[in-house]
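A.B. asks: Generate a structure from the sequence data that follows.
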Amino acid sequence: MSGVTLNKAIKKYGDVQVIHGIDLEIDHGEFCVFVGPSGCGKSTLLRMIAGLEDTTDGQIHIGDRDVTTMDPSQRGVAMVFQTYALYPHMTVKQNMGFGLKMNGHPKSVIEEKVAEASRILKLDEYLSRKPAALSGGQRQRVSIGRAIVRGPEVFLFDEPLSNLDAELRVEMRVEIARLHREIGATMIYVTHDQVEAMTLADKIVVLRAGVIEQVGAPMELYRDPDNKFVAGFIGSPAMNFISGQVQKTNVKIGATGDTLKHKLPSPYHGRVVTIGLRPEFITIDPTGDTFSVEISESLGGVSYVHLRADNGEKLIAEQRGDIRSNEGDRVGISFDRDTVMYFDTDSEKRIRI
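C.D. replies: Numbers count the residues shown, from 1 in each chain. This is a model prediction of the structure:
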């Protein structure tokens, strides 16, 4: 079994600590995605697992092996980068088999493994081409194929689709999901793309400033975030945050004047809290007069309407169908009150009711 376990993993560059005692278990065969803002440490953590960055303190295990100080070539991992890193003078077939050739594998074994990888990735017709004759998506498939032929215990992907256009990203996302289903290997994937994380992952690890904020299945994080950061980071468009005044048996929303019949814990009575509303649970009432429409972004079957309340707070509402809102319109909103979330304004922790 080749899961990955991190035990109090720390990374420092001199006096600067960038990874702060990470504890994490990734099960064998799981597709785990690291997400977080730029500089949060997700690529550093991936490179620590690969052995491309030294681990300052703590342990990393792959299966039952402690690989903390092991050379990258001995860890049983293969890494796919966003830059493809293909040899331009070699054919697809030569690129995919080069690592095995350098390690002294027999030609027959190389032929067999390259053939199997090209079948999985549908690269048979491109084997004699050189990278310059391939599209970006095809080059990335070759890069993935080069990883497959090594037969690693763990696949590591560092933002592999970020150099592709939107259409190719969708295509390659499907390819990677299919690849995971077919070979069943443990995969760890770094991305800043919400859609990639939500559609590919069995488990998402949300990182901020070198610390894990929350770990869980995609819809678990979406529906039940532990704090405001996770709530705002998971989901696109992001969750709306507005203020509310807590009373003994209800909460009054500052932006709309609505009163929510929710009883928060007594320490919050009289305090201001942060209210979270998902855009898809907000309905625009064209007969209302609470918000001003700043801009409406139409994507065809769905529109995102940016609203500003008279107190300056902003919301994004998702509209479907032929409903139209124009810049400068005055509108009201309604929303599903069962979907409202509350957060402590100071600590940003979720207030559960």
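
A.B. asks: Residue 43 reaches residue 189, doesn't it?
C.D. replies: No - at 11.2 Å, residue 43 and residue 189 do not qualify as touching, with contact defined as Cβ atoms under 8 Å. Every C-beta, even on glycine, is put in place using the N, C-alpha and C of the backbone.

A.B. asks: more neighbours, the two?
C.D. replies: Neighbour count, other Cβ atoms under 10 Å: between residue 43 and residue 189, residue 189 has more, with 26 against 19.

A.B. asks: nearest residue to that one other than its sequence neighbours?
C.D. replies: In space, and not counting its chain neighbours, residue 189 is closest to residue 157: 4.3 Å by Cβ to Cβ, 6 or more residues apart in numbering.

A.B. asks: Could I get the buried residue list for stretch 301-316?
C.D. replies: Residues of stretch 301-316 classed as buried: 303-307, 309, 313, 315-316 (neighbour count, 16 or more other Cβ atoms under 10 Å).

A.B. asks: let me redo that: stretch 337-353
C.D. replies: Buried positions in stretch 337-353, judged by neighbour count with 16+ other Cβ under 10 Å: 340-345, 348, 350-351.

A.B. asks: who's in contact with the nearest residue to residue 226 once chain neighbours are set aside?
C.D. replies: Closest residue to residue 226 apart from its sequence neighbours, by Cβ to Cβ, 6+ apart: residue 214 at 4.8 Å. Going by Cβ atoms under 8 Å, 6 or more residues apart in numbering, residue 214 touches 206, 221, 225-227, 230.

A.B. asks: closest to residue 290 among the buried residues of stretch 301-316?
C.D. replies: Residue 290 has its nearest neighbour among the buried residues of stretch 301-316 in residue 309, at 6.4 Å by Cβ to Cβ.

A.B. asks: Please report how far that closest one lies from residue 84.
C.D. replies: In this view, residue 309 and residue 84 are 47 Å apart by Cβ to Cβ, to the nearest Å.

A.B. asks: same check, this time on residue 153
C.D. replies: The spacing between residue 153 and residue 84, counted by Cβ to Cβ, is 23 Å.

A.B. asks: what's the answer for residue 116, then?
C.D. replies: According to Cβ to Cβ, residue 116 stands 21 Å off from residue 84.

A.B. asks: so residue 313 sits right up against residue 253, yeah?
C.D. replies: No - Residue 313 is beyond contact range of residue 253, at 9.2 Å (criterion: Cβ under 8 Å).

A.B. asks: what do those two both touch?
C.D. replies: Common contacts of residue 313 and residue 253 (Cβ under 8 Å, 6+ apart): 242-243.

A.B. asks: I'd like to know how many residues surround the closest residue to residue 86 other than its chain neighbours.
C.D. replies: Spatially, and ignoring its direct neighbours in sequence, residue 86 is nearest to residue 131 (4.4 Å; Cβ to Cβ, 6+ apart). Close neighbours of residue 131, defined as other Cβ under 10 Å, add up to 19.

A.B. asks: Check residue 174 too.
C.D. replies: Other residues lying near residue 174 total 12 when counted by other Cβ under 10 Å.

A.B. asks: which residues does the most centrally placed residue in the chain contact?
C.D. replies: For the chain, residue 197 is the residue whose C-alpha lies nearest the centre (Cα atoms, centre = their mean; 3.4 Å). Going by Cβ under 8 Å, 6+ apart, residue 197 touches 33, 35, 191, 204, 218, 234.
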